[in-house]
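[1] Fold the following and give me the result.
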Amino acid sequence: MEFGWNADDLEFRADLNEFLSEELSGRWHGSTAVLGSPENADYSRRFCGLLADRGWLTPHWPKEHGGVEASPWRLSILSEELWSRGEPRGPQYMNVNWIGPSLMAYGTSEQMARYLPPISRGEVIWCQGFSESEAGSDLASLRTNAVLDGSEYIVNGSKLWTSYADLADHCYLLVRTGDGRQEGISVLLIDMDRPGIEVRKISGVVGEHSFNEVLISDLRVPVANRLGPENGGWKVVREALSYERVGAPRWARASRVLNETMQWALENGRAPSPDVLESVDIASEACEAARLLYYRVIDERAQGKPPTPNGNVARVAMVQAERAVAEACLAIQGAEVMRYQGLANQQIRKSLAAGVAAGTYEIQLNLISRLLLRLPKG
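    Numbering: from 1, shown residues only. Predicted coordinates for the structure are as follows:
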């Protein structure tokens, strides 16, 4: 048995790389438009439109919704190459990879007709209204409530750490509609320009802004905007989160940054010391481990298997890779690396929060110990 990319996959990667080399000029890599900025969002809309024109924005979607039913492996090639260049899809990454599929799985025909075409054309930005001040990793403790009033819900509460909320057209909002924990949660699809929504920016500790607080006061949402059954939102969101937990192939960006930083050192006469070379070796091995563990999850998807704890393992490995590469870059360039805009600068900044977004690193370890290793709680 031969393990490797087939001829069609190799041709697709070559075509994609040629396109990206032409479209992602030095303006993109050297841009000061940080993630979460209006400039980044504008670039995302333009770039995603170009991907859509080539059938590369939602290739994994069914044909009736604008896709070509590409395999998980083909999608992984697309994600790898985009993430290795700093993910120019920006805030639209969530749209195409789990909000759209969630709509296809649980949405009504009217919801799909309204929301899916703009996503597949790269025209809109969504945010996810999940976390709250008292409901982060323990999402089932959320308190934002929705009370039924005729044909509408009246929503009150707040969401925290909501990426892109200040730029988003729509929000995939988790609310409490009943008693219990998981049993009383529903999903609402809301327009961010409705009366009753206030977005407050949260400044980042690393000089970037992408997080927001969303305050919701007497927001009226039609029942027709509920995704899935009332009080059945936990199942809907669990399926969505199962694909977010492994996360994007961030090891691809980390690996590229490591190689480019080493090349910079050689070109500038910075001969690495043995200690620096050791940190580079550790980072390189971490990236390779993350890549292989990520591929294991992709293989499970390709076989149609349900999500397993292997996704948690891959998620942990990618956090380790990101942190190891950031440490290696600092060892090679020192503080000088932060003077330049580009992927290395982004890598170091993002590594600081790598173990928090999409499920904290420590909780992923707890899940692995319980679900995979069968260790007792304690």
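[2] and stretch 285-300, which residues are buried?
    Neighbour-count burial for stretch 285-300 flags 286-287, 289-291, 293-295, 297-298, 300 (criterion: 16 or more other CB atoms under 10 Å). All C-beta atoms are positioned from the backbone trio N, CA, C, and that covers glycine.
[3] Include pLDDT and distance to R176 when you put these into a markdown table, please.
    A markdown table is the format used below for the buried residues of stretch 285-300 (pLDDT from 0 to 100; distance: CB to CB, whole Å):
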| residue | pLDDT | distance to R176 |
| --- | --- | --- |
| A286 | 97 | 40 |
| C287 | 97 | 41 |
| A289 | 97 | 40 |
| A290 | 96 | 36 |
| R291 | 96 | 39 |
| L293 | 94 | 35 |
| Y294 | 94 | 34 |
| Y295 | 94 | 38 |
| V297 | 91 | 31 |
| I298 | 92 | 35 |
| E300 | 91 | 32 |
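[4] just these now: which is nearest R54?
    I298 (22.1 Å; CB to CB).
[5] quick revisit: dump the buried residues of stretch 285-300 to JSON lines, plus distance to G67 and secondary structure.
    Shown next, in JSON lines, are these (distance: CB to CB, whole Å; DSSP: H, G, I helix; E, B strand; the rest coil):
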{"residue": "A286", "distance to G67": "33", "secondary structure": "helix"}
{"residue": "C287", "distance to G67": "30", "secondary structure": "helix"}
{"residue": "A289", "distance to G67": "31", "secondary structure": "helix"}
{"residue": "A290", "distance to G67": "27", "secondary structure": "helix"}
{"residue": "R291", "distance to G67": "25", "secondary structure": "helix"}
{"residue": "L293", "distance to G67": "27", "secondary structure": "helix"}
{"residue": "Y294", "distance to G67": "22", "secondary structure": "helix"}
{"residue": "Y295", "distance to G67": "22", "secondary structure": "helix"}
{"residue": "V297", "distance to G67": "21", "secondary structure": "helix"}
{"residue": "I298", "distance to G67": "17", "secondary structure": "helix"}
{"residue": "E300", "distance to G67": "21", "secondary structure": "helix"}
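[6] of these, closest to L330?
    In terms of CB to CB, no member of the buried residues of stretch 285-300 lies closer to L330 than A286, at 15.1 Å.
[7] surely the closest one meets V319?
    No. Counting by CB atoms under 8 Å, A286 does not reach V319; the two are 9.6 Å apart.
[8] can you give me how far stretch 218-237 is from the chain middle?
    Relative to its chain's centre, stretch 218-237 lies at 22 Å (CA atoms, centre = their mean, to the nearest Å).
[9] what's the answer for stretch 73-83, then?
    Worked out by CA atoms, centre = their mean, stretch 73-83 lies 13 Å from the chain centre.
[10] Can you list the residue ranges for helices in the protein?
    For the chain, applying DSSP state H gives helices covering 7-23, 26-29, 38-53, 72-83, 92-94, 100-106, 109-120, 233-246, 250-267, 274-302, 310-333, 343-351, 361-367.
[11] would a markdown table of those with distance to N145 be doable?
    Formatted as a markdown table, those follow (distance: least, CB to CB, whole Å):
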| stretch | distance to N145 |
| --- | --- |
| helix 7-23 | 45 |
| helix 26-29 | 42 |
| helix 38-53 | 30 |
| helix 72-83 | 36 |
| helix 92-94 | 24 |
| helix 100-106 | 21 |
| helix 109-120 | 22 |
| helix 233-246 | 13 |
| helix 250-267 | 35 |
| helix 274-302 | 35 |
| helix 310-333 | 30 |
| helix 343-351 | 34 |
| helix 361-367 | 25 |
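[12] S163 is nearest to which of those helices?
    That would be helix 92-94 among the helices of the chain, by CB to CB, at 8.1 Å.
[13] what's the neighbour count on S217?
    If you count neighbours by other CB atoms under 10 Å, S217 ends up with 13.
[14] Distance-wise, check the closest residue to P229 other than its chain neighbours relative to S158.
    Leaving out its chain neighbours, the residue that sits closest to P229 by CB to CB, 6 or more residues apart in numbering is S186, at 7.9 Å. Distance check for S186 against S158: by CB to CB, to the nearest Å, it reads 17 Å.
[15] Same question for V199.
    11 Å.
[16] Pull up the overlap in contacts between these two.
    By CB atoms under 8 Å, 6 or more residues apart in numbering, V199 and S158 have these common neighbours: 213-215.
[17] Could you export stretch 249-267 as PDB, keeping only the C-alpha atoms?
    C-alpha atoms of stretch 249-267 as PDB (Å, rounded to 0.1, in the frame of the first residue of the first chain):
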ATOM      1  CA  PRO A 249      -3.900  23.400  10.300                       C
ATOM      2  CA  ARG A 250      -1.900  26.000  12.200                       C
ATOM      3  CA  TRP A 251       1.100  23.800  12.100                       C
ATOM      4  CA  ALA A 252       1.400  24.800   8.400                       C
ATOM      5  CA  ARG A 253       2.000  28.400   9.300                       C
ATOM      6  CA  ALA A 254       4.300  27.500  12.100                       C
ATOM      7  CA  SER A 255       6.400  25.300   9.900                       C
ATOM      8  CA  ARG A 256       6.700  27.900   7.200                       C
ATOM      9  CA  VAL A 257       7.700  30.600   9.800                       C
ATOM     10  CA  LEU A 258      10.400  28.300  11.200                       C
ATOM     11  CA  ASN A 259      11.900  27.700   7.800                       C
ATOM     12  CA  GLU A 260      11.800  31.300   6.800                       C
ATOM     13  CA  THR A 261      13.300  32.400  10.100                       C
ATOM     14  CA  MET A 262      16.200  30.000   9.700                       C
ATOM     15  CA  GLN A 263      16.700  31.200   6.100                       C
ATOM     16  CA  TRP A 264      16.800  34.800   7.500                       C
ATOM     17  CA  ALA A 265      19.500  33.800  10.000                       C
ATOM     18  CA  LEU A 266      21.600  32.200   7.300                       C
ATOM     19  CA  GLU A 267      21.300  35.200   4.900                       C
END
